[in-house]
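> Got a sequence here, can you model it:
(one chain, ligands or ions: 1)
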Amino acid sequence: MSPTPEPVLDSYKRAAIIGGGVIGVSWAGLFLARGIKVVVNDPRGDIEDLVLAGLAEIAPTLDALGLPTENLAAGLTFEADLATAVSDVDIVQENGPERLELKQRIWQTVERNAPAHALLATSTSSIPATAIAEAMRQPERLIVGHPFNPPHLVPLVEIVPGERTSEATVHQAKAFYAALGKKPQVLRKEVPGFVANRLQSAIFRECVHLVAEGVVTEQELDDIVTSSIGMRWAVGGPFRTFHLGGGPGGLPHFIEHLGRAMESGMWPVLGNPTFDDATVAELTDQAADAFGGSSVAELAAERDRAQIALMRALGETPGAVAGQA
Ligand SMILES: NC(=O)c1ccc[n+]([C@@H]2O[C@H](COP(=O)([O-])OP(=O)(O)OC[C@H]3O[C@@H](n4cnc5c(N)ncnc54)[C@H](O)[C@@H]3O)[C@@H](O)[C@H]2O)c1
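Numbering: from 1, shown residues only. Presented below is the predicted three-dimensional model:
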């Protein structure tokens with residue numbers, strides 16, 4: 001009988017979170033709730049207060065996900081010197097500003113000082129690992145682990161290897177994020193914006209167009225999405241949906257029947273808006289009308305509650321760690 005494999009997270013006792021902003025705090029909360037000690041590296045003078053406040057804010061969501069939140073900050077430390085911060089960790093998750101030269105500098109320091117076994121991941125939402133790793137001696141170690149905001153809640157993590165990222169790093173990243181309870185997806189090619197944000201971008205372009213043209217208001221557009229494609233896509237993605245849309249003939253019939261009409265009648269007339277002053281003013285006014293009655297924190301809490309209810313309804317068990325009870 002082969003021995004029971006060690007749970008993956010047993011190999012991750014300590015993490016360095018580089019950049020403790022929106023994404024860094026969220027990763028820190030999730031790591032801490034999963035029993036991983038966290039050291040935060042961020043040059044802001046008020047970083048300790050910010051991270052502690054951020055953790056207090058996300059604790060109810062972690063709790064609702066079934067994760068332990070008592071004494072969450074007990075495993076948290078701060079280290080202003082980057083080389084020291086990464087010197088004794090098993091995973092580095094970098095969430096610094098979205099600037100190539102800065103990320104390149106950070107990663108050059110990290111690779112010189114992090115242990116050889118450590119997983120090296122950047123949360124970047126747009127910069128390819130290939131570019132960030134250009135100046136690294138061991139580019140095979142760097143990988144994009146791109147979360148969807150907020151990482152402690154949304155399951156997807158896009159794993160995007162650079163041209164020189166090794167297979168071993170890809171496997172390591174996939175196993176780590178899965179053990180955290182995430183849904184990692186490895187992309188087969190490095191494309192700008194990765195996949196989920198490209199899709200959001202394509203749809204948002206049309207949303208802006210439809211509102212700017214006065215076809216619907218922002219609130220009306222949001223209602224249309226949540227009562228149709230939003231619900232639909234939580235259950236089956238666009239391809240499965242249109243496979244069903246083709247009836248017994250499946251996707252091939254859909255393409256013949258409706259897809260070709262979409263190609264010739266719809267794709268050419270999709271909008272191509274710009275964020276000119278008038279459009280931005282209109283979008284801003286409408287957002288104030290539609291959402292201004294509540295604070296962003298209240299709206300975020302409402303979103304988190306509904307998101308967790310949806311995940312539960314779909315049979316997801318976000319609090320369960322892969323391979324553990
Ligand atoms: N916000 C999102 O929705 C989102 C989603 C997925 C990925 N990301 C990615 O995550 C990263 C961080 O984004 P964010 O929204 O958390 O930004 P943010 O501005 O909230 O946080 C960035 C943090 O980095 C710190 N910082 C600045 N210089 C630093 C340095 N030299 N070393 C360490 N820390 C430094 C800042 O003080 C700040 O606290 C970006 O790469 C972004 O593309 C963001």
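
> ok now do the residue in the chain that the ligand sits nearest to, which residues does it touch?
At 1.8 Å from the ligand, residue 21 is the closest residue in the chain, using CB to the nearest ligand atom. To be clear about C-beta, it is placed using only N, CA and C from the backbone, and glycine gets the same treatment. For residue 21, the contacting residues are 42, 95, by CB atoms under 8 Å, 6 or more residues apart in numbering.

> Equivalent analysis for residue 242, please.
Shown in contact with residue 242 (CB under 8 Å, 6+ apart): 251, 254, 258-259.

> Among the residues you listed, give me the pair with the biggest separation.
For these, the farthest-apart pair by CB to CB is 251 and 258; their separation is 10.8 Å.

> ok so, going back, just the buried members of the contacts of residue 242?
Buried members of these, counted by 16 or more other CB atoms under 10 Å: 251, 254, 259.

> The first one sits in which helix or strand?
Just to be clear, that refers to residue 251. The secondary structure element spanning residue 251 is helix 250-254 (assigned by DSSP states H and E).

> Can you spell out which helices and strands pack onto that helix?
With contacts defined as 3 or more CB pairs under 8 Å, 6 or more residues apart in numbering; DSSP states H and E, helix 250-254 has these neighbours: helix 238-245.

> which parts of the protein sit against the ligand?
18-24, 41-44, 95-98, 102, 106, 123-125, 146-147, 149 (CB under 6 Å from any ligand atom).

> In ChimeraX, select just the buried ones from these.
Selection of buried members from these for ChimeraX, criterion 16+ other CB under 10 Å:
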select :18,19,20,21,23,24,41,42,95,96,106,123,124,125,146,147
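
> picking that back up, and the residue of the chain closest to the ligand, how far from residue 65?
Distance, residue 21 to residue 65, using CB to CB, to the nearest Å: 22 Å.

> now swap in residue 249 and tell me
41 Å.

> just residue 237 next, same as before
Going from residue 237 to residue 65 by CB to CB gives 23 Å.

> for residue 310, same thing?
Plainly put, residue 310 is 13 Å away from residue 65 if you go by CB to CB.

> do residue 204 as well
Taken as CB to CB, the spacing of residue 204 relative to residue 65 amounts to 27 Å.

> More neighbours: those two, which one.
When residue 204 and residue 65 are compared on other CB atoms under 10 Å, the one with more neighbours turns out to be residue 65, at 24 against 12.

> quick one: pLDDT of the more buried one?
At residue 65 the predicted local confidence, pLDDT, stands at 92.

> try residue 135
Per-residue confidence (pLDDT) for residue 135: 89.

> Identify the residue spatially nearest to residue 135, adjacent ones excluded.
Of all residues beyond its chain neighbours, the one nearest residue 135 is residue 104 (5.1 Å), with distances taken as CB to CB, 6 or more residues apart in numbering.

> Any idea how many residues pack against residue 176?
Neighbour count for residue 176, taken as other CB under 10 Å: 24.

> Wasn't it part of a strand?
No: with the criterion set as DSSP: H, G, I helix; E, B strand; the rest coil, the secondary structure at residue 176 is helix rather than a strand.

> That one: what's it in contact with?
Neighbouring residues of residue 176 by CB under 8 Å, 6+ apart: 8-9, 12, 91, 119.

> Check residue 258 too.
Taking CB under 8 Å, 6+ apart as the criterion, residue 258 is in contact with 242, 245.

> which stretches of this protein have low pLDDT?
The chain contains residues with pLDDT under 70 at 1-6, 317-325.

> where along it do the helices fall?
In the chain, the segments counted as helices under DSSP state H are 22-33, 47-64, 82-85, 100-113, 129-132, 167-179, 196-212, 218-226, 229-235, 238-245, 250-254, 260-261, 277-291, 296-313.

> And the fourth one, how far out from the chain middle?
Think helix 100-113. How far helix 100-113 lies from its chain's middle: 21 Å, per CA atoms, centre = their mean, to the nearest Å.

> Then the last one?
Averaged C-alpha coordinates place helix 296-313 at 16 Å from its chain's average position (CA atoms, centre = their mean).

> Closest one of the buried ones among the contacts of residue 242 to residue 211?
Of all those, the one sitting nearest residue 211 is residue 259; the distance, using CB to CB, is 26.6 Å.

> What distance do you get for that closest one to residue 253?
9 Å.

> Tell me who's in contact with the spatially closest residue to residue 142 that is not a sequence neighbour.
The spatial neighbour of residue 142 that comes closest, neighbours along the chain excluded (CB to CB, 6+ apart), is residue 133 at 4.4 Å. Taking CB under 8 Å, 6+ apart as the definition of contact, the neighbours of residue 133 are 107, 139, 142, 162, 164-165.

> of all the residues you listed, which comes closest to residue 197?
Of all these, the one with the least separation from residue 197 (CB to CB) is residue 162, at 17.5 Å.

> count of neighbours near residue 139?
By the measure other CB under 10 Å, the count of residues near residue 139 is 20.

> Please name the residues that touch it.
Contacts for residue 139 (CB under 8 Å, 6+ apart) come out as 129-130, 133, 162, 164-165.
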